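Engineer: Pasted the sequence and its predicted model underneath.
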Amino acid sequence: MVAPELSKLIQSVVEDYLVDGERRYDRAQVAERSGVSPQVSRKLWMALGFPAHQDDAVEYNDHDVEAVRRFRGFKVVAESDMRQQASAARALGLSMARLAEWQADLMFAEITARVEAAVAEDSLTDQEKIAELTLTATRDTIEAVSQLQMYVWRRHLAAALSRSLDGGTAEDSTREIAVGFADMVGYTRLTRHLHPDELSMLLEAFESTTTAAITENGGWVVKNVGDEVMFAAETAAEGARIALAIQESTMVVGGTPELRVALAYGPVLQRLGDLYGSVVNMASRLTGVARPGTILIDDGAAAELADDPEFDVQNLRSVRVRGFNRLRPHLLRPKE
């Protein structure tokens with residue numbers, strides 16, 4: 001079997017295995033079997049990030065029906081309005097879509113390598129036997145990835161629940177935390193000159209060093225967006241340690257551009273895994289005005305760190321930035 005034919009076979013087997021069942025329901029039938037209206041099932045389906053099929057398109061199976069039942073079976077979901085339900089579905093869909101995009105090439109390559117090795121070892125030409133090998137490789141690979149994914153998710157969920165319970169707050173609520181940003185200086189210019197492989201290595205170095213600095217100092221990564229990482233910590237002191245560790249780690253890794261880092265502390269809205277509010281905006285604006293290789297903090301963080309012997313905080317002149325008429329930055333350094 002030539003490579004293009006094998007790729008098509010693998011794609012077909014993997015898709016059938018993942019969908020796991022014959023498509024035999026349209027939207028109205030899914031709604032009837034799950035106990036929701038067709039309008040609600042359509043909104044939830046689209047909120048999860050899936051294409052909006054025609055109402056009479058037979059695109060669904062028993063797993064789709066069960067998914068709607070389970071989602072609507074959560075007490076907090078059943079008691080919320082449609083906007084809140086769609087918001088929760090959208091957050092889940094976006095997270096899973098990003099994860100799937102990253103995994104797709106990796107898993108296809110792994111399955112292909114296993115099938116090609118087995119075919120070559122036994123000199124197979126029979127398509128039915130190759131299809132059986134492909135199904136086995138698909139099942140083993142997806143099972144291994146699923147177990148690893150479940151392990152990582154459970155550990156992250158345990159950490160997130162601990163932070164939530166310690167703060168005494170729930171989703172869509174306000175809590176006082178430290179929020180910071182770190183971005184690479186000259187990233188736009190670099191992207192014009194770097195080969196894609198070099199750019200990938202640069203981003204990998206940036207993400208790995210910043211993630212290590214954040215997690216090792218008690219914080220968590222909120223998100224990575226290109227040349228920027230957003231992080232959070234329970235206290236201003238933890239946030240300051242993270243900021244200093246990020247700058248220090250960048251100096252150690254050769255070839256990595258200088259960073260601008262900023263930190264703000266105060267009440268923040270936590271919603272669907274992201275953070276919002278003026279404290280977040282302030283940290284972002286301070287990042288924009290920070291000089292390469294420095295760390296700026298806001299009044300809230302400066303007040304929290306004022307008597308901490310671990311840090312040196314120097315007051316700077318006020319600056320004007322978008323959204324803040326007079327923003328007073330403070331320079332953060334380790335105490336010598």
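Structural biologist: The structure has been received and is ready for your questions. Numbers count the residues shown, from 1 in each chain.
Engineer: hey, where'd the helices end up in the stretch 101-250 of the chain?
Structural biologist: 127-167, 187-193, 196-216, 236-252 (DSSP state H, counting those that start in this stretch).
Engineer: tell me, which of the ones you listed is the model least confident about?
Structural biologist: Lowest mean pLDDT within the helices of the stretch 101-250 of the chain: helix 187-193, a mean of 77.
Engineer: contact partners of stretch 308-327?
Structural biologist: 237, 240-241, 281-282, 285-286, 288-289, 296-298, 302, 305-306, 328-336 (Cβ atoms under 8 Å, 6 or more residues apart in numbering). (C-beta placed from N, C-alpha, C; glycine too.)
Engineer: can you tell me which of the residues you listed are in helices?
Structural biologist: 237, 240-241, 281-282, 285-286, 288-289, 302, 305 (DSSP state H).
Engineer: Would you mind giving those residues as a markdown table with distance to residue 19 added?
Structural biologist: Output for the ones in helices among the contacts of stretch 308-327, formatted as a markdown table (distance: Cβ to Cβ, whole Å):
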| residue | distance to residue 19 |
| --- | --- |
| 237 | 50 |
| 240 | 49 |
| 241 | 47 |
| 281 | 43 |
| 282 | 46 |
| 285 | 46 |
| 286 | 48 |
| 288 | 46 |
| 289 | 51 |
| 302 | 55 |
| 305 | 53 |
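Engineer: from those, which two are the most distant?
Structural biologist: 237 and 288 (24.3 Å; Cβ to Cβ).
Engineer: between those two, which one's more packed in?
Structural biologist: Counted by other Cβ atoms under 10 Å, residue 237 and residue 288 do not tie: residue 237 has more neighbours, with 19 against 14.
Engineer: Assign residue 12 to helix, strand or coil.
Structural biologist: Of the three states, residue 12 takes helix under DSSP: H, G, I helix; E, B strand; the rest coil.
Engineer: Could you measure from it over to residue 115?
Structural biologist: Counting by Cβ to Cβ, to the nearest Å, the separation of residue 12 from residue 115 is 13 Å.
Engineer: Return the most buried member of the helices of the stretch 101-250 of the chain.
Structural biologist: Sort the helices of the stretch 101-250 of the chain by mean neighbour count, taking mean count of other Cβ atoms under 10 Å, and helix 236-252 sits at the top with a mean of 21.
Engineer: Could you report the neighbour count for residue 219?
Structural biologist: The burial count for residue 219: 25, using other Cβ under 10 Å.
Engineer: Please name the bridge partners of the closest residue in space to it that isn't next to it in sequence.
Structural biologist: In space, and not counting its chain neighbours, residue 219 is closest to residue 233: 3.8 Å by Cβ to Cβ, 6 or more residues apart in numbering. Taking DSSP bridges as the rule, residue 233 bridges to residue 178.
Engineer: which residues sit in contact with residue 233?
Structural biologist: By Cβ under 8 Å, 6+ apart, the residues touching residue 233 are 177-178, 180, 217-220, 239, 242.
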